[in-house]
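Student: What follows is a protein structure lacking sequence information:
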């Protein structure tokens, strides 16, 4: 509840989330500064290597030119003319050796710097993982991908937030026993048949519909996003056999699926575009199959295991050094919530919420605004940008 006892829309302890966020902002600022310094070091070393090689090459050219100019003043029978080729060879070899050693030296230092950068990026990802895995921001949409990996599934969950923030997590499919092994269609919906063509039975004059019972087909790929499901169903695993590709959209008023049959010759057949097939297919069975797959897949959404990537406006915030922009963007997402809390708090210097336990007893939860601003002010420019985004200035 808000400080005035009206209902608070979020179910979590937002003030605890806000404390965590400020702590993450401080640590992110330090890590990003280290990353930017390391990037600059690598850039400087690369420039130094290029400059050194140019200097050595220029030095070699000047020496060789000087040798040639000196030799021009010698008589044809001068003994030094016979040694000139060896002298030039010695100069070139010495300079080339120097260039090689210099290149190796700088390359080794650059490699060490890249290892440092990789370590810093890993620490940054771990920090952001700890923040996002706790659902510190409410996601608007999600996309879940399940792909066969051996005899089970590998899962990836992508969460879409306000202001073009997206996070992709690896999901722990092993936590939910159902997804521990490969699943067949019959485990989601029994007696599902799909017409794949027309056939003429022996001793019969008329063609009849050729149905395939897909109950034993294995679910090898699933992609869901909100109320859309795409799946691949294969007759057998490990060998080239026929399969079905289903694209089901539950957002539209009319259920209009795309059903592709891929035969053993890898030829695709759009079932819904063949009138003799689309009119006899049991769409209700297909609809229930997709609904049941979607329901079981949604059980994996809370099973976020590891943060794989986080993007802002399509760019990787860690690789592209945009974590400070990410923090400002999150602050902008939090600002309306904070402003509402301030408006309904009895104190102008504190953010106040109320919590109620099972017995009905209420207690106040508060966070002094100075606890936030004092920490952020130590970050100079970045801290001030966060304070402004939170409208706590």
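Tutor: Happy to help now that I have it. Remember, predicted model here, so these are calculated numbers, not experimental data.

Student: measure residue 228 to residue 284 for me?
Tutor: Distance of residue 228 to residue 284, computed by Cβ to Cβ, to the nearest Å: 18 Å. Heads up, the C-betas are built off the backbone N, CA and C, glycines and all.

Student: got it, and residue 377?
Tutor: From residue 377 across to residue 284, the span is 62 Å (Cβ to Cβ).

Student: And for residue 185?
Tutor: Counting by Cβ to Cβ - residue 185 and residue 284 are separated by 15 Å.

Student: Look at the two and report which has more neighbours.
Tutor: residue 185 (22 against 9; other Cβ atoms under 10 Å).

Student: That one and residue 191 touch, don't they?
Tutor: No. Using Cβ atoms under 8 Å, residue 185 is not in contact with residue 191, being 9.9 Å away.

Student: Which residues are in contact with each of these two?
Tutor: residue 215 (Cβ atoms under 8 Å, 6 or more residues apart in numbering).

Student: packing partners for the biggest helix by length in the chain?
Tutor: In the chain, with assignment by DSSP state H, the single longest helix is helix 14-71. If you count contacts as 3 or more Cβ pairs under 8 Å, 6 or more residues apart in numbering; DSSP states H and E, helix 14-71 packs onto helix 79-132, helix 323-343, strand 350-356, strand 362-368, helix 369-377, helix 381-390.

Student: mind putting the ones you listed in TSV, mean neighbour count included?
Tutor: Output for the helices and strands packed on helix 14-71, formatted as TSV (neighbours: other Cβ atoms under 10 Å):
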stretch	mean neighbour count
helix 79-132	14
helix 323-343	18
strand 350-356	17
strand 362-368	14
helix 369-377	17
helix 381-390	19
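
Student: Turn those into a markdown table, columns for distance to residue 259 and mean pLDDT.
Tutor: A markdown table is the format used below for the helices and strands packed on helix 14-71 (distance: least, Cβ to Cβ, whole Å; pLDDT from 0 to 100):
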| stretch | distance to residue 259 | mean pLDDT |
| --- | --- | --- |
| helix 79-132 | 37 | 79 |
| helix 323-343 | 40 | 91 |
| strand 350-356 | 51 | 80 |
| strand 362-368 | 53 | 81 |
| helix 369-377 | 55 | 88 |
| helix 381-390 | 48 | 90 |
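
Student: Number of residues surrounding residue 260?
Tutor: By other Cβ under 10 Å, the residues close to residue 260 number 16.

Student: Name the nearest residue to it, ignoring sequence neighbours.
Tutor: Of all residues not flanking residue 260 in the chain, residue 245 sits nearest, at 4.2 Å (Cβ to Cβ, 6 or more residues apart in numbering).

Student: which secondary structure elements does the helix or strand the one you found falls within contact?
Tutor: Counting by DSSP states H and E, the element that carries residue 245 is strand 243-249. For strand 243-249, the contact count by 3+ Cβ pairs under 8 Å, 6+ apart identifies strand 228-234, strand 258-262, helix 283-298 as packing neighbours.

Student: Give me the sheet partners of that strand and which way each runs.
Tutor: If you go by DSSP bridges, strand 243-249 pairs up with strand 228-234 (antiparallel), strand 258-262 (antiparallel).

Student: so of the ones you listed, which one's packed in deepest?
Tutor: strand 228-234 (a mean of 20; mean count of other Cβ atoms under 10 Å).

Student: Poorly predicted segments of the chain, please.
Tutor: 55, 69-84, 104, 239, 358-360 (pLDDT under 70).

Student: per-domain residue ranges of it.
Tutor: 14-22+307-390, 31-132, 177-299 (automatic domain parsing).

Student: mind checking which of those is nearest residue 151?
Tutor: Closest approach to residue 151 among those (Cβ to Cβ): domain 177-299, 5.9 Å.

Student: Kindly check the end-to-end length of that closest one for me.
Tutor: For domain 177-299, the first-to-last residue distance is 11 Å (Cα to Cα, to the nearest Å).

Student: Going forward, count from 58.
Tutor: Right, with 58 as the first residue, what we last looked at is domain 234-356.

Student: How far off centre is it?
Tutor: 30 Å (Cα atoms, centre = their mean, to the nearest Å).

Student: Can you report how many residues neighbour the residue nearest to residue 317?
Tutor: With other Cβ under 10 Å as criterion, residue 302 counts 16.

Student: residues touching it, list them.
Tutor: So residue 302 contacts 287, 288, 289, 290, 315, 316, 317, 319 (Cβ under 8 Å, 6+ apart).

Student: Name the residue closest to the centre of this structure, please.
Tutor: Nearest residue to the geometric centre of the chain (Cα atoms, centre = their mean): residue 366, 3.0 Å.

Student: which SS class is it?
Tutor: Of the three states, residue 366 takes strand under DSSP: H, G, I helix; E, B strand; the rest coil.
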